[in-house]
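Asks: just need the structure, nothing else, for what follows:
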Amino acid sequence: MAEKKPYGTVLIKAVQILDYLSQQPESKSLTDISEMTEITLSTAHKVLDTLELIGFVTRHANKKTYSLGPRLIQIANASFIQFDFVRDTYPALKHLFERVDATVNLGMLQDNEMLYVNKFSKRSSTFESVSRIGFTQDLYCSAMGKSILANMSKEERESYIESIDLVPKTELTITDKDELREAVARAGELGYAIDNREAEEKVYCIGTVINNKFTDASYAFSISIPYDAYSIEYHNHLVDEIMRTKAVIEYQIYESQPK
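Replies: Okay, here's the model as predicted:
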């Protein structure tokens, strides 16, 4: 079968811009967008004008900057309503969030990254993490990612480790491949993985894979806390809670299948 080719490079440039804006905590200028996406200023401006016209981008006139627009929220909400796994895990993860009073994330493996597909967090919290729905994170520096790696076949895991460039996100990011192998092996033994300020400087995270033999997709979920709240007692408490929720979700997956 002949390889499919994209229809029109403008659509690809629009996606590049939307991807870039989705990763930013604040609105960005035309110059920033042009430089970071490597799209010329004139082309970026034209694409942004169109995206603004259809509601995919909002232009902040006072700051001359751009952010994602409200229409994307409508589309995302419609998408997640149709997304069975997000819907099915919602009660258990919401209950976990209410019990631990900390940020809870649900992610899925996509193109060797963790794609965040659901998140529970306190709006009033002073603790801010860059993670949000639609955000992606590398497997090697995230708790969910390392738990996914631990659940892969040896061949798949080695292929990933050999091919990936371990770019440091913080001073504590694992950048040695043998050290990553050890961390993943430890995650396999324990049933959960940790991210000890490896992806974000002030964030401690515990994640575990969701075993689901009824689908080809790979999912994991995690609890994130500010590192200054860490203690071994708190860690153990969160591990108990996350493993209990894992068991509930996996049982519900099994029970939901036709007998």
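Asks: what packs against the longest helix seen in the chain?
Replies: The longest helix of the chain (DSSP state H) is helix 232-255. Helix 232-255 is packed against helix 84-100, strand 203-210, strand 219-226, with contacts defined by 3 or more Cβ pairs under 8 Å, 6 or more residues apart in numbering; DSSP states H and E. C-beta coordinates here come from the backbone N, C-alpha and C atoms, glycine included.
Asks: following the first one, which helix or strand shows up next?
Replies: Tracing the chain past helix 84-100, the next element assigned as helix or strand by DSSP states H and E is strand 103-110.
Asks: now the helix or strand that comes right after that following strand - C-alpha only, PDB.
Replies: Counting by DSSP H and E, the element after strand 103-110 in chain order, helix or strand, is strand 113-120. C-alpha atoms of strand 113-120 as PDB (Å, rounded to 0.1, in the frame of the first residue of the first chain):
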ATOM      1  CA  GLU A 113       5.300   9.500  25.000                       C
ATOM      2  CA  MET A 114       2.700   9.700  27.800                       C
ATOM      3  CA  LEU A 115      -0.300  11.700  26.600                       C
ATOM      4  CA  TYR A 116      -2.300  13.100  29.500                       C
ATOM      5  CA  VAL A 117      -6.000  12.300  28.900                       C
ATOM      6  CA  ASN A 118      -7.500  13.200  32.300                       C
ATOM      7  CA  LYS A 119      -6.500  15.200  35.300                       C
ATOM      8  CA  PHE A 120      -8.000  16.000  38.800                       C
END
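Asks: chain center to strand 113-120: distance?
Replies: Distance of strand 113-120 from the chain centroid (Cα atoms, centre = their mean, to the nearest Å) equals 4 Å.
Asks: how about low-confidence regions in the chain?
Replies: Counting by pLDDT under 70, the chain shows low-confidence ranges at 1-8, 73-74, 76-83, 123-128, 258-259.
Asks: for the most centrally placed residue in it, what are its contacts?
Replies: Closest residue to the average C-alpha location of the chain: Y116 at 3.1 Å, with Cα atoms, centre = their mean. By Cβ atoms under 8 Å, 6 or more residues apart in numbering, the contact set of Y116 is 105-107, 131-137.
Asks: go again with 7 Å.
Replies: Contacts for Y116 (Cβ atoms under 7 Å, 6 or more residues apart in numbering) come out as 105, 107, 131-135.
Asks: now those: which count as buried?
Replies: Buried residues within the contacts of Y116, defined by neighbour count using 16 or more other Cβ atoms under 10 Å: 105, 107, 131, 133-135.
Asks: let's have those in JSON lines, adding distance to A44.
Replies: Listed next are these as JSON lines, based on distance: Cβ to Cβ, whole Å:
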{"residue": "N105", "distance to A44": "31"}
{"residue": "G107", "distance to A44": "30"}
{"residue": "S131", "distance to A44": "27"}
{"residue": "I133", "distance to A44": "25"}
{"residue": "G134", "distance to A44": "21"}
{"residue": "F135", "distance to A44": "22"}
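Asks: rewinding a little: for the longest helix of the chain, which positions count as buried?
Replies: 238-239, 241-242, 245-246, 248-250, 253.
Asks: mind listing residues that contact it?
Replies: 89, 92-93, 96, 99-100, 191-192, 206, 208, 210-212, 214, 223.
Asks: wait, which of these is closest to L68?
Replies: For those, the residue nearest L68 by Cβ to Cβ is L93; the value is 24.0 Å.
Asks: find the nearest non-adjacent residue to the closest one, please.
Replies: Closest residue to L93 apart from its sequence neighbours, by Cβ to Cβ, 6 or more residues apart in numbering: V104 at 5.4 Å.
Asks: and that neighbour, how many neighbours does it have?
Replies: 24 (other Cβ atoms under 10 Å).
Asks: buried subset of the contacts of helix 232-255?
Replies: Among these, those buried by neighbour count (16+ other Cβ under 10 Å) are 89, 92-93, 96, 100, 192, 206, 208, 210, 223.
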